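Asks: okay, here's the prediction I keep looking at, along with the sequence it came from:
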Amino acid sequence: MPQLSCHSPVGDITIHEWDGAIVSLDWGWGSLQEPSPLLKEAKCQLEAYFDGDLKTFDLPLAPGGTSFFTRLWRRLMDIPYGEVVTYGRLAAELGSHARAVGMACARNPIPILIPCHRVVARDGRLAGYSGDGGLETKAFLLRLEGAGEAEDLRLPL
């Protein structure tokens with residue numbers, strides 16, 4: 001599976017491609033570097049995002065998961081840059097439960113590109129993030145997008 005790693009403000013990340021689509025983004029440096037035109041474009045878009053110059057990714061994504069997970073991940077991509085939505089609101093929209101939404105966010109194979117970091121708890125607290133650095137990484141991504149200042153992004157007590 002072609003992959004390409006790059007440095008980012010949230011640590012090294014590796015992007016994986018399969019059959020012409022991005023299938024995962026992992027923290028850490030991949031052992032095999034097989035850049036493809038799509039992976040090079042993904043790296044350029046990620047760099048522009050971290051520089052504050054890109055608000056919407058335009059890449060073919062193919063995350064593998066259940067039909068519920070896939071529906072949720074599509075919905076996450078509709079959350080505008082710099083905005084947040086609660087787990088409960090997403091659950092209500094999808095006819096599910098907040099815990100199920102949290103589980104689907106935790107299993108998101110393409111974080112950042114599928115912005116699960118834009119989902120917060122009912123009281124505005126940051127709750128869970130599967131990426132390296134956990135909640136600190138989630139807070140960094142939200143601050144990068146202007147979703148809140150440090151005092152607005154409440155980490156759990």
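Replies: Good, I have the coordinates. Residues are numbered from 1 along each chain as shown.
Asks: quick one: low-confidence ranges for this protein?
Replies: In the predicted model, the chain carries pLDDT under 70 at residues 148-157.
Asks: strands along this structure, start to end?
Replies: For the chain, the strands defined by DSSP state E occupy 3-6, 13-18, 21-27, 85-86, 119-120.
Asks: nearest to residue 72 among these would be which one?
Replies: For the strands of the chain, distance to residue 72 was read as C-beta to C-beta. The smallest value, 9.4 Å, belongs to strand 119-120. In this view, the C-beta of every residue, glycine as well, is placed from N, C-alpha and C.
Asks: care to break this protein down by domain?
Replies: With automatic domain parsing serving as the domain definition, the record reports that the chain contains domains spanning 3-50, 67-144.
Asks: about what we covered before: now tabulate the strands of the chain in a markdown table and tack on mean neighbour count and distance to residue 110.
Replies: A markdown table is the format used below for those (neighbours: other C-beta atoms under 10 Å; distance: least, C-beta to C-beta, whole Å):
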| stretch | mean neighbour count | distance to residue 110 |
| --- | --- | --- |
| strand 3-6 | 19 | 13 |
| strand 13-18 | 21 | 9 |
| strand 21-27 | 19 | 5 |
| strand 85-86 | 18 | 18 |
| strand 119-120 | 25 | 15 |
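Asks: closest one to residue 75 among these?
Replies: For the strands of the chain, proximity to residue 75 was assessed by C-beta to C-beta; strand 85-86 is nearest, at 8.6 Å.
Asks: ok, now which ones touch residue 117?
Replies: Listed by C-beta atoms under 8 Å, 6 or more residues apart in numbering, the contact partners of residue 117 are 111, 129, 131, 137-138, 141-142.
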